[in-house]
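> quick one, what's the 3D model for this:
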Amino acid sequence: MIVTIDGPAGSGKSTAARRLADRLGFRFLDTGAMYRAVAWECLRRGAPLDDCERIGKVAREVEISLDGDAIYCGDEDVTEKIRSTEVTRAASVVALNADVRAAMVELQRKLAKGLHVITEGRDQGTVAFPDADFKFFFEADPGERASRRHRELAQAGNDVSYEEILAQIRERDLRDATRDVAPLKPASDAVRVDTTRLTADEVLELLEQTVQQKQT
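The predicted model follows:
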């Protein structure tokens with residue numbers, strides 16, 4: 001069984017996907033981390049982010065693997081390294097590359113094959129797994145999403161202003177919605193969930209109830 005959760009940055013999809021996977025005993029597929037890993041590898045190699053051919057080549061060459069909540073590039077654990085502001089910005093650019101997206105979708109399908117999976121991202125229900133058993137699309141007010149991201153970064157020791165994060169989110173939203181390859185949009189059969197005023201527990205209960213109701 002495959003459950004997809006798509007939505008913009010800060011909408012709560014990663015937290016919900018992890019918790020739903022734990023609740024159901026499914027594997028969690030963090031696709032956003034995969035794009036961050038490609039971005040981190042591009043920065044490590046000094047590959048210009050505007051060099052589409054080279055970025056695509058990096059995505060095809062880098063060996064990305066998941067081990068629980070940890071993500072590796074080759075033998076190196078990059079779980080914490082890919083959460084920096086620099087990598088976040090680079091990932092939003094790298095994700096526009098058609099070759100990168102093709103490589104990541106191929107990897108996602110490979111990792112999910114034959115398993116019960118909760119997968120989250122921006123194109124999981126529309127491109128990666130169009131035949132998924134259950135599809136959700138998260139939405140939330142940009143200001144609330146910026147506040148969530150600001151708290152996360154502050155807890156991790158990153159000093160980034162709320163205003164800067166809000167500007168980045170709005171820029172990312174526009175880029176994701178208007179890109180030529182796999183633009184961010186809900187699948188026609190996705191359940192849309194506005195998480196602006198919902199707690200993490202309320203979101204989890206809503207998802208679990210929806211899955212259970214459709215199974216009965």
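
> can I assume Glu152 sits in a strand?
No. Read with DSSP: H, G, I helix; E, B strand; the rest coil, Glu152 is helix and lies in no strand.

> pLDDT score for it?
pLDDT, Glu152: 85.

> that one: neighbour count?
14 (other CB atoms under 10 Å). The way it works is simple: take the backbone N, C-alpha and C, and place the C-beta from them, glycine included.

> check the gap between it and Ala112 for me.
Going from Glu152 to Ala112 by CB to CB, to the nearest Å gives 26 Å.

> cool, and Thr210?
Counting by CB to CB - Thr210 and Ala112 are separated by 20 Å.

> could I have the CA atoms of stretch 65-85 written out in CSV?
Once non-C-alpha atoms are left out, stretch 65-85 reads as follows in CSV (Å, rounded to 0.1, in the frame of the first residue of the first chain):
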residue,chain,number,x,y,z
SER,A,65,20.2,5.7,0.6
LEU,A,66,17.9,5.8,3.6
ASP,A,67,18.3,4.1,6.9
GLY,A,68,15.4,4.9,9.2
ASP,A,69,15.5,8.7,9.6
ALA,A,70,19.1,8.9,8.4
ILE,A,71,20.1,9.7,4.8
TYR,A,72,23.4,9.0,3.2
CYS,A,73,25.3,10.2,0.2
GLY,A,74,27.6,7.2,-0.4
ASP,A,75,29.0,6.3,3.0
GLU,A,76,28.5,9.7,4.5
ASP,A,77,25.7,10.5,6.9
VAL,A,78,24.3,13.8,5.7
THR,A,79,21.1,13.8,7.8
GLU,A,80,22.0,17.0,9.7
LYS,A,81,24.1,18.6,7.0
ILE,A,82,21.3,18.8,4.5
ARG,A,83,19.1,20.9,6.8
SER,A,84,21.2,24.1,6.5
THR,A,85,19.8,27.2,5.0
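
> what lies in contact with it?
Contacts with stretch 65-85, where a contact means CB atoms under 8 Å, 6 or more residues apart in numbering, come from 18, 28-30, 33-34, 36-37, 39-41, 62-64, 87, 91, 111, 153, 156, 158, 160.

> can you pull the buried residues of that stretch?
Within stretch 65-85, the residues that count as buried by 16 or more other CB atoms under 10 Å are Leu66, Ile71, Tyr72, Cys73, Val78, Thr79, Lys81, Ile82, Arg83, Ser84.

> same check, this time on stretch 109-127
In stretch 109-127, counting by 16+ other CB under 10 Å, buried: 111-112, 117-127.

> hmm, which two among these are most spread apart?
Leu111 and Thr126 (18.3 Å; CB to CB).

> pipe the buried residues of stretch 65-85 into TSV and attach pLDDT per row.
Listed next are the buried residues of stretch 65-85 as TSV, based on pLDDT from 0 to 100:
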residue	pLDDT
Leu66	92
Ile71	95
Tyr72	97
Cys73	96
Val78	97
Thr79	95
Lys81	95
Ile82	95
Arg83	88
Ser84	88
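
> where does this protein dip in pLDDT?
By pLDDT under 70, the low-scoring segments of the chain are 214-216.
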